[in-house]
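*Asks:* take a look and give me a structure for this.
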Amino acid sequence: MKKIYILISILIIIFLSLGLIGYIHNYNYSIVPNVIVKSLSITNNVINVKFDLSKKSFYEEVYYIYKNDDVYPLADDKGWIKASGNSFDIKIDNSIYYIYLKNENDDIYFVDGSNKLGNVSKVNVSKDKVYLAKGGVYSVNANYESVGYVSDSINWRSENESIAKVDNNGKITGVKAGNTKVIASIGGKESYVDVVVSNLIVKAPKKFNRNKKYLPCEKYSKSENDLLDTILKDRVTDAGYKTRAGAVEAARFLTLEFPYKIRYFSENGRLSINKVDGEGRYYHEGLYLHKSRYEDISKSMHGPKIWGCSLYSNPSKGKRSNGLDCSGFVSWVLKNGGFNPGDIGAGIMATKDLTDLGKRISFNASVVKSGKVKTGDLLSSGGYSGGHIAIIVGQDENYYYVAESLWNSPNVAVVIMPYSKKTIFNRYYYVMLMDSYYKEDGKLTDLWY
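*Replies:* All right, here's what the predicted structure looks like:
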């Protein structure tokens, strides 16, 4: 009996040994020793593996396979490729690659570090140039083109933090007037954003600053007027040129970021009537701040005079600082938003006017509650011989924020006024729903902060 037990024990040991050998043979997924893999490198989108055929276990035939997951291959899997010589190349994309080697005995080895190879070929930023006021912020996005594995995240830095700072998410903050670069970098590649911090604009306040001073006469040089025009155009382009948001952004820029109030001026005419331009109206892209803009003026009655300079007003029968009347302001807003409504007036008239641009409906509490009224829609106080026109540039749960050029003291200027949603229709009798006019909303926001 003892002999039988010994025999059984020997058989069990042999059986277990054979099983263990088989297990080791089929699942020998050890890391390739460094003495076998001589080098592992990547150039552009090609991984190169070099190995030493003279080393143990790899002295005759070497096969390789690469996968996009970490599931170990089997010896009889399809896809094994016989290496020619002592190296091979693998062309990769932006996936992570796991490389394995197999010898003629079907021993399989994982190439340690193969799933950590990759490189960045290009960094892209969402904007080439940013214009900021002191304290103003702008968030820039960045992405990168790469192959293989990239472990790093995008790093942001400012060349001159005394001019502009940037956080880890690409949010840039203006510190003081000047020019600098904000750089996004990863994997040895980088791209940058030119940052211009200018004293010509102010950070848009949450509420319209009624204490702003009126624009002085001849305050700006040509280069300053040019820069302000560039910033205005940049703002509109960001929001969406020829979109609802673009028009809204033009109105917000003149009322919030421009540091002075533009005075209300009763017009001396318009291009669509007597061809007079720039006297209470300025039907051009950009701001009317320097005499170089006189080149755009087709005809004057008492001018030309830029905004802020004294000019005789026929309707007022006296001199006033040149600026914009209500329809002149709204026309300017639409023109700078990318539209061409024509130099037309307000009021509900037999001839075309600004109330004809959208779907004109009576304004009342049910219209407010319907939610149909959007930022960018126009408002009218009616009147068949004239009237007042304005544009909604923001709204929240309780208020519409309306940009308009007012003629009554103390607000004889282009301003933003808050109107309660419960009572606004006592002031404005009509709303022009402008979806069919704008066609696209662009990057519309209901508030600017």
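*Asks:* Three-state assignment for residue 250, please.
*Replies:* For residue 250, the secondary structure call by DSSP: H, G, I helix; E, B strand; the rest coil comes out as helix.
*Asks:* wait, it touches residue 231, no?
*Replies:* No. When contacts are counted by CB atoms under 8 Å, residue 250 is not listed as touching residue 231 (11.5 Å). (Each C-beta comes from the backbone N, C-alpha and C, glycine too.)
*Asks:* comparing those two, which residue is more hemmed in?
*Replies:* Neighbours around residue 250 and residue 231, counted as other CB atoms under 10 Å, are more numerous at residue 250. The numbers are 27 against 21.
*Asks:* pull the contacting residues for the more buried one.
*Replies:* When contacts are counted by CB atoms under 8 Å, 6 or more residues apart in numbering, residue 250 is found next to 232, 235, 236, 332, 333, 334, 336, 337.
*Asks:* which one of those residues is nearest residue 259?
*Replies:* In terms of CB to CB, no member of the contacts of residue 250 lies closer to residue 259 than residue 232, at 13.4 Å.
*Asks:* just the ones in helices from the contacts of residue 250, please.
*Replies:* Among the contacts of residue 250, the ones falling in helices (DSSP state H) are 232, 235, 236, 332, 333, 334, 336.
*Asks:* the nearest residue to the fourth one once chain neighbours are set aside: neighbouring residues, count only.
*Replies:* By that I understand residue 332. Of all residues beyond its chain neighbours, the one nearest residue 332 is residue 282 (5.9 Å), with distances taken as CB to CB, 6 or more residues apart in numbering. Residue crowding around residue 282 was assessed by other CB under 10 Å; the count is 27.
*Asks:* try the one 5 residues further on
*Replies:* The local packing count at residue 287 equals 25, with neighbours defined by other CB under 10 Å.
*Asks:* how about the one 5 residues further on?
*Replies:* By the other CB under 10 Å criterion, the neighbourhood of residue 292 contains 13 residues.
*Asks:* and the helix or strand containing residue 230, how far out from the chain middle?
*Replies:* Following DSSP states H and E, the helix or strand that holds residue 230 is helix 222-239. Using CA atoms, centre = their mean, to the nearest Å, the mean C-alpha position of helix 222-239 is found 17 Å from that of the whole chain.
*Asks:* how about stretch 368-386: buried residues?
*Replies:* 368, 373, 374, 375, 376, 377, 378, 379, 380, 381, 382 (16 or more other CB atoms under 10 Å).
*Asks:* so which two of the residues you listed are the farthest from each other?
*Replies:* Every pair in the buried residues of stretch 368-386 was compared (CB to CB); the two farthest apart turn out to be 375 and 382, at 21.7 Å.
*Asks:* domain map for the chain?
*Replies:* According to automatic domain parsing, the chain is divided into the following domains: 25-116, 119-197, 222-438.
*Asks:* looks to me like residue 204 is in a strand.
*Replies:* No. Per three-state DSSP, residue 204 lies outside any strand segment and is coil.
*Asks:* OK, contacts around it?
*Replies:* Residue 204 makes contacts with 136, 252, 256, 257, 448, 449, as judged by CB under 8 Å, 6+ apart.
*Asks:* quick one: the strands in the stretch 251-400 of the chain, in order.
*Replies:* 310-313, 318-321, 359-362, 378-380, 389-395, 399-405 (DSSP state E, counting those that start in this stretch).
*Asks:* can you spell out which helices and strands pack onto the fifth one?
*Replies:* Think strand 389-395. Other helices and strands packing on strand 389-395, by 3 or more CB pairs under 8 Å, 6 or more residues apart in numbering; DSSP states H and E, are helix 244-252, helix 326-336, strand 378-380, strand 399-405.
*Asks:* out of those, which is closest to residue 355?
*Replies:* Closest approach to residue 355 among the helices and strands packed on strand 389-395 (CB to CB): strand 378-380, 5.0 Å.
*Asks:* which helices and strands sit right next to that closest one?
*Replies:* In terms of contacts (3+ CB pairs under 8 Å, 6+ apart), strand 378-380 is packed against strand 389-395, strand 430-433.
*Asks:* who's in contact with the residue nearest to residue 332?
*Replies:* Taking CB under 8 Å, 6+ apart as the definition of contact, the neighbours of residue 282 are 288, 307, 324, 328, 332.
*Asks:* closest one of those residues to residue 100?
*Replies:* Each of those was checked against residue 100 using CB to CB; the closest is residue 332, at 68.1 Å.
*Asks:* quick check: the closest one touching residue 326?
*Replies:* No. Using CB under 8 Å, residue 332 and residue 326 do not qualify as a contacting pair, with a distance of 10.9 Å.
*Asks:* ok, back up a step: redo the strands of the stretch 251-400 of the chain as JSON lines? Include mean pLDDT and distance to residue 53.
*Replies:* Formatted as JSON lines, the entries for those read as follows, by pLDDT from 0 to 100; distance: least, CB to CB, whole Å:
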{"stretch": "strand 310-313", "mean pLDDT": "98", "distance to residue 53": "91"}
{"stretch": "strand 318-321", "mean pLDDT": "96", "distance to residue 53": "89"}
{"stretch": "strand 359-362", "mean pLDDT": "96", "distance to residue 53": "80"}
{"stretch": "strand 378-380", "mean pLDDT": "97", "distance to residue 53": "80"}
{"stretch": "strand 389-395", "mean pLDDT": "98", "distance to residue 53": "73"}
{"stretch": "strand 399-405", "mean pLDDT": "98", "distance to residue 53": "77"}
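*Asks:* right, and those - which one's nearest residue 42?
*Replies:* Across the strands of the stretch 251-400 of the chain, the minimum distance to residue 42, taken as CB to CB, is reached by strand 389-395, at 51.4 Å.
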